[in-house]
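[1] Build me a model from this:
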Amino acid sequence: MERGVEWDFEPTLDTIADLLDVLGSPQRAYQVIHIAGTNGKTSTARLAEALLKERNLRVGRFTSPHLVSVRERITVDGEPLSEERFAEVYEEIIPYVELIDAKGRRVQFFELLTAMAFAAFADWPVDVAVIEAGMGGSWDATNVADGAVSVITPISLDHTDRLGSDIPSIAGEKAGIIKPGTTAVLAQQELAAAEVLMRRAADVGAVVAREGLEFGVLNREVAMGGQLLTLRGLKGVYDEVYLPLYGAHQASNAVCALAAVEALTGGDDPLDAELVRQAFAQASSPGRMEIVRRTPTVVVDAAHNPGGMQATLEGLHEAFDFAKVIGVLAVMRDKDVDSLLELLEPVLDEIVVTRNSSPRSMSPEKLASLAEPLFGEDRVHVVDRLDDAIDRGIAIADAEGEFSGTGVFIAGSVVTAGDARRLLKVDGER
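    Below you'll find the predicted structure:
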């Protein structure tokens, strides 16, 4: 049966609630950290998972979208479900899915994956599940779980056709994951978003922890392969924390994850500082400012909206001393492409426009027509396939000379990042 696409959903939790009810409410079998926001959700989830694992807890993580395999979305202790286990979970719940279908409410693709994740975590069982909202919050299928801690990462304009055309509307939708009597961890936000989030927290009696006030990054220095941080959590200060991720936005994600785990543990005692150092030193976030090749250096990033691209480009400038940058860009046609190009133009010396593997991908010709008025025709190269576009970008960088300091930056979509990782055979992927 056709399950639809995850970016198109009905504003109701009735279907997923009914499905989980007949499954025995698996989402209530463990503590939950629930994460919503526009940018940084997956990285924050992975960082929270790293901290919880280091405390010897069994952790389930549900994130979306995936880079290469759908199995990446459902992990236990950092490992995706095996192909066999993924198939088993599907086979176990599909009779119940069909039962709901028979009532005239078709279970959608993302609802099915959400139910699979909750069921898999209950069966394992896990101690804590770190759950990333797919889109929005209030009506997102993941919101059937009641997070003891909710995290709202930075909010900016994205999915405006589904979530609202302005920051307050989008913030109102994402604020829906904040539940009565819980703790809300808020990353630094635009004032318009912060007001909405604070109002929601007050309305439901949630305890609020705000980055920059109750917790935050005290110091940050660029280090080889990442950055060295001093973090002020909710219960203590943690210094000499090495994070092998680039950019101020990743430092923010780390301290939000830290505050969320501190809030979940209860009590007044800080986490063990060495535990925090060990957890973050081993952290990773594939497809986020990730070096996938050297000579020339090729960096892949999943940035696909203006807020995310701005943060990424600031991190790129800070972490990489590129004399020139060659961009490879493939975007979805429903994104704010004009704003992305405006942000990229001052940074990229040349841009190769192409398409990714999604049917939603903007055509290279259309993308070129938007890029050329900004960049000029001489700086824009149109290549139909992503693999050829990556080769073109690398060839342009190589032509500058091995010691020219020219890098290649591939971005525009999570799908683009995943495709690039596969094409460049990162982690043995094809």
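
[2] Is A223 in contact with V241, as I believe?
    No. The pair A223 / V241 is not scored as a contact, 10.5 Å apart, by C-beta atoms under 8 Å. Where you see a C-beta, it was placed from the backbone N, CA and C, and this is true even at glycine.

[3] give me the element T75 is part of.
    Per DSSP states H and E, T75 falls inside strand 74-76.

[4] what's the following helix or strand after that strand?
    strand 79-80.

[5] Mind listing what's buried along the helix or strand just after that next one?
    Next helix or strand after strand 79-80 toward the C-terminus (DSSP H and E): helix 83-102. For helix 83-102, a neighbour-count test (16 or more other C-beta atoms under 10 Å) marks 85-86, 89-90, 93, 96-97, 100-101 as buried.

[6] next one: stretch 292-300
    Result for stretch 292-300 [16+ other C-beta under 10 Å]: buried residues 292-293, 296-300.

[7] Could you do stretch 208-218 as well?
    So for stretch 208-218, counting by 16+ other C-beta under 10 Å, buried means 208-211, 215-217.

[8] low-confidence ranges in this protein?
    1-10, 157-165, 427-430 (pLDDT under 70).

[9] can you map out the helices along the stretch 151-300 of the chain?
    Secondary structure of the stretch 151-300 of the chain (DSSP state H, counting those that start in this stretch): helices located at 160-163, 167-174, 191-204, 248-265, 273-281.

[10] ok, now which ones touch I152?
    35-37, 174-175, 177-178, 184-187, 189, 197 (C-beta atoms under 8 Å, 6 or more residues apart in numbering).

[11] CA atoms only for stretch 125-143, dumped as CSV, please.
    Provided in CSV are the C-alpha atoms of stretch 125-143 (Å, rounded to 0.1, in the frame of the first residue of the first chain):
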residue,chain,number,x,y,z
PRO,A,125,14.6,-2.5,25.8
VAL,A,126,16.3,0.9,26.0
ASP,A,127,16.6,3.1,29.1
VAL,A,128,16.3,6.4,27.2
ALA,A,129,15.1,7.3,23.7
VAL,A,130,16.3,10.4,22.0
ILE,A,131,13.6,11.3,19.5
GLU,A,132,13.9,13.9,16.8
ALA,A,133,10.7,15.5,15.4
GLY,A,134,10.4,15.0,11.7
MET,A,135,8.7,18.3,10.8
GLY,A,136,7.3,20.8,13.2
GLY,A,137,6.2,19.5,16.5
SER,A,138,2.6,19.7,17.6
TRP,A,139,1.3,17.5,14.8
ASP,A,140,4.5,15.6,14.2
ALA,A,141,4.0,11.8,14.6
THR,A,142,6.7,11.7,17.3
ASN,A,143,4.6,14.0,19.5
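
[12] Report the distance from it to the chain centre.
    13 Å (C-alpha atoms, centre = their mean, to the nearest Å).

[13] ok so, going back, can the helices of the stretch 151-300 of the chain go into TSV with extra columns for mean neighbour count?
    As requested, the helices of the stretch 151-300 of the chain are exported to TSV (neighbours: other C-beta atoms under 10 Å):
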stretch	mean neighbour count
helix 160-163	16
helix 167-174	22
helix 191-204	17
helix 248-265	26
helix 273-281	18
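
[14] would TSV of those helices with distance to V151 be doable?
    Below are those laid out as TSV (distance: least, C-beta to C-beta, whole Å):
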stretch	distance to V151
helix 160-163	18
helix 167-174	10
helix 191-204	11
helix 248-265	5
helix 273-281	16
